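K.L.:
Compute the structure for the input listed below.
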Amino acid sequence: MAIGDAHAGRNMYVGVAIQNGFAEAAGSGGTSVTYYEPDEVRGGIQEFTEIASNRRMNTRFRGAGYIGTQSVPFGMTVELNPMNAGTLLALVMGTESLTVLVTAQSATHKFYPAENLRYGTIWLYSAGAADNSATDNEHKIINFKVTRASIEGGIDDVVRLSIDGIGTDHSAVAATSPSFTNVRPFFLNSVEGLGTLSIGSAIGSVSQFDECRRMRMEIDNAVSPDQRIDNDASAASIREGDSSITGMFDCIYNGNTYAEIDAFTLGSDRAFTLSVNSTTAFYTSEVYNCTLGMEQARYNGANPSWDPDLLSIELPYIGELASSAAVYIQITNSDVVTYTY
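P.N.:
Numbers count the residues shown, from 1 in each chain. Have a look, this model is predicted:
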């Protein structure tokens, strides 16, 4: 524990906010901050790409390269929690639609891919472990966009959300005073909740079964620094590239799904939803929920291998963005406004 640590017991935390467009100055950025207690943190320090040199120092040795585009990579893994995942999912997917279920009490947030992702601001507090001067500095990263994200979980395990991305500028700022949600995270299958996988020809007319043993959804936004974007000549902006959505389910066959899984592995496009419910109730009988949905997915694996004791199969897939909201992540919680700047 650091000497003089102002946040005893919180040696590392991360704050995330959504920006109102591209920020020019290092001290600017988002203002409405959601705080996370990460499992793992990656990056956070400014770096430069290297441009190779063709100079020859002699016949055998090439000269050192040159400093290229400035960027700040950052990544973290957190528990998928219904009360703090919304800010991250808005940055991962880019578009959000809100449906209020009970005025001021309950709402559903549906996130789906946007052509242009939002910029975010990251506050990385590490002084609790790295600094004993009691200055309690944070690393602040602006103009952050999510490059890759994944949601995964298994039987009797917490569902986890991982994000990786890059920002354009980095500065040291004074530590803020964080607040954390006390709502429990989602579990795939356990006494804490239940994950139900449905697969079929279309969402709404699917075969439902509860024996999803393991799952993963991966979103690759393929973003990269590009100084041409947003007409910014100082720090590099970020552009989206050749994106994809992939993943897998580890499933047990049963009578309801035999035909659907066979059709899927034989090459027929299938729709699916994975709904993860919490046992925690809010506003009388409402429960927290997270649903992953895909209108059109295609089997993306080799011939299946069988477990002779347990008729199960791993189903890797690649998603098709058949419409603007064909791939979505949906959360039901007590936030009744959209996640914005």
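K.L.:
where in the stretch 51-200 of the chain is pLDDT low?
P.N.:
Within the stretch 51-200 of the chain, the stretches with pLDDT under 70 are 127-136.
K.L.:
Sketch out the helices for it, chain order is fine.
P.N.:
With helices called from DSSP state H, counting those that start in this stretch, the stretch 51-200 of the chain shows them at 85-93, 127-130.
K.L.:
what does the first one contact?
P.N.:
By that I understand helix 85-93. 16-18, 34, 36, 78, 96, 109, 111-114, 117-118, 120, 144-146, 149, 161, 163, 165, 219, 221, 290, 328-329, 331, 333, 335, 338-340 (CB atoms under 8 Å, 6 or more residues apart in numbering). Placement of C-beta: from N, CA and C, glycine included.
K.L.:
before we move on, what about stretch 97-105?
P.N.:
Residues external to stretch 97-105 that are found in contact with it (CB under 8 Å, 6+ apart): 106-110, 112, 282-283, 286, 325, 332, 334, 336-338.
K.L.:
Filter those down to the buried ones, PyMOL style.
P.N.:
Here is the PyMOL selection string for the buried members of the contacts of stretch 97-105, based on 16 or more other CB atoms under 10 Å:
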select buried, resi 106+107+109+110+112+282+286+325+332+334+336
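K.L.:
Nearest to Met57 among the contacts of stretch 97-105?
P.N.:
Nearest to Met57 out of these is Tyr112 (CB to CB; 52.8 Å).
K.L.:
biggest strand in this structure, by residue count?
P.N.:
strand 137-154 (DSSP state E).
K.L.:
what's that strand packed up against?
P.N.:
Packing partners of strand 137-154 (3 or more CB pairs under 8 Å, 6 or more residues apart in numbering; DSSP states H and E): strand 66-79, helix 85-93, strand 120-125, strand 160-167, strand 169-174, strand 212-220, strand 237-239.
K.L.:
What pairs with that strand, parallel or antiparallel?
P.N.:
Paired strands of strand 137-154, with direction, are strand 120-125 (antiparallel), strand 160-167 (antiparallel), strand 169-174 (antiparallel), strand 212-220 (antiparallel) (DSSP bridges).
K.L.:
Could you tell me which residues within the third one count as buried?
P.N.:
This means strand 169-174. Asp169, His170, Ser171.
K.L.:
cool, and the second one?
P.N.:
Going by neighbour count (16+ other CB under 10 Å), the buried part of strand 160-167 is Arg160, Leu161, Ser162, Ile163, Asp164, Gly165, Ile166, Gly167.
K.L.:
And the fourth one, how close does it get to Ile151?
P.N.:
With the distance defined as CB to CB, to the nearest Å, Ile163 ends up 10 Å from Ile151.
K.L.:
How many neighbouring residues does Tyr299 have?
P.N.:
19 (other CB atoms under 10 Å).
K.L.:
so what's it bridging to?
P.N.:
When assigned by DSSP bridges, Tyr299 has beta-bridge partners Tyr317.
K.L.:
can you pull the pLDDT of it?
P.N.:
On the pLDDT scale, Tyr299 is placed at 92.
K.L.:
Assess the claim that it and Pro316 are in contact.
P.N.:
Yes - counting by CB atoms under 8 Å, Pro316 is a contact partner of Tyr299 at 7.2 Å.
K.L.:
hmm, back to that, filter the contacts of stretch 97-105 down to just the ones in strands.
P.N.:
Per DSSP E, these map to strands at Ser106, Ala107, Thr108, His109, Lys110, Tyr112, Phe282, Glu286, Thr332.
K.L.:
With distance to Pro308 added, can I get those residues in CSV?
P.N.:
Listed next are the ones in strands among the contacts of stretch 97-105 as CSV, based on distance: CB to CB, whole Å:
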residue, distance to Pro308
Ser106, 46
Ala107, 47
Thr108, 42
His109, 43
Lys110, 41
Tyr112, 40
Phe282, 44
Glu286, 43
Thr332, 40
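K.L.:
and these, which two are the farthest apart?
P.N.:
Tyr112 and Phe282 (24.5 Å).
K.L.:
just to revisit the earlier point, for Pro185, find the nearest of the strands paired with strand 137-154.
P.N.:
Pro185 lies closest to strand 160-167 among these, at 8.4 Å (CB to CB).
K.L.:
So Thr31: helix, strand or coil?
P.N.:
Judged by DSSP: H, G, I helix; E, B strand; the rest coil, the three-state class of Thr31 is coil.
K.L.:
contacting residues for it?
P.N.:
Applying CB under 8 Å, 6+ apart, the residues near Thr31 are Ala17, Tyr341.
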